[in-house]
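Asker: Just to be clear, the model below is a prediction. Sequence and coordinates:
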Amino acid sequence: SGSLGEGDPRNPADRTQFHGHLAPHPGAALLLVAVACLALAWRRRWPVAVLAVSVAAVSVYSLLGYVNGASLVAPILALYAVAGQVSVRRAVLAAVVTLGVLMTVTAADNPFGHISGGGFDIIPFMVAAALFAGIAVTNRRAYVASIRDRAVQDARRQVDEERLRIARELHD
């Protein structure tokens, strides 16, 4: 709904932003935003493929000349899913590629007429936040798993020690 609101022809703020002209209304192009968002349903099973679909759909939407502010949320969520499931090296690579593509398509056909508006200046921060949050979640999961494994090993060791103690007492 954010993409629809950004391109609403009745929005009076658009006349100021677009120098007296109406914002380009996306119409059927909103299907691209829907594809980018619906792909997120499979982000846990195929995170890299979902990121590719989401970035591609938003890129086409942006290249058609529509305001891509709200539509950028879908690839950012997909990047977060990738960063939470792959190695740090692959997550950083995915973030760099995502950043490069989104910045390029936003600059290529920005309806604001310059690269300082339309979400262009916030894309690096969104990508960095998704990357670092995903890496932090991965690290937290690994830490919790290591604590759980250590607790299981300690419990097994205690059981083995108790069995050995009982066997010694029976032997004596």
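Answerer: Arrived safely. This structure is a prediction, so every number in the text was calculated from the model and none was measured. Numbers count the residues shown, from 1 in each chain.
Asker: Centroid-nearest residue for this protein?
Answerer: Nearest to the geometric centre of the chain sits residue 77, at 2.5 Å (CA atoms, centre = their mean).
Asker: Do you know the pLDDT at that residue?
Answerer: Note for residue 77: predicted pLDDT of 95.
Asker: give me the element it is part of.
Answerer: Element membership of residue 77, judged by DSSP states H and E, is helix 73-83.
Asker: and the next element down the chain from that helix?
Answerer: Following helix 73-83 in sequence order, the next helix or strand is helix 88-108 (DSSP H and E).
Asker: State the number of residues packed around residue 52.
Answerer: By the measure other CB atoms under 10 Å, the count of residues near residue 52 is 19. For the C-beta atoms, the positions are set from N, CA and C on the backbone; glycine is no exception.
Asker: Same question for residue 164.
Answerer: Neighbours around residue 164, by other CB under 10 Å: 10.
Asker: who touches it in this structure?
Answerer: For residue 164, no residue meets the contact criterion (CB atoms under 8 Å, 6 or more residues apart in numbering).
Asker: How confident was the prediction at it?
Answerer: Residue 164 is given a pLDDT of 89.
Asker: in which helix or strand would I find it?
Answerer: Assessed by DSSP H and E, residue 164 sits inside helix 123-171.
Asker: Run the chain-centre distance for that helix.
Answerer: 27 Å (CA atoms, centre = their mean, to the nearest Å).
Asker: and if you look at stretch 43-53?
Answerer: 10 Å.
Asker: what mean pLDDT would you report for it?
Answerer: Here the average pLDDT along stretch 43-53 is 94.
Asker: Quick check: closest non-adjacent residue to residue 53.
Answerer: residue 39 (4.4 Å; CB to CB, 6 or more residues apart in numbering).
Asker: Contacts only, for the one you found.
Answerer: 50, 53-54, 57, 74, 78.
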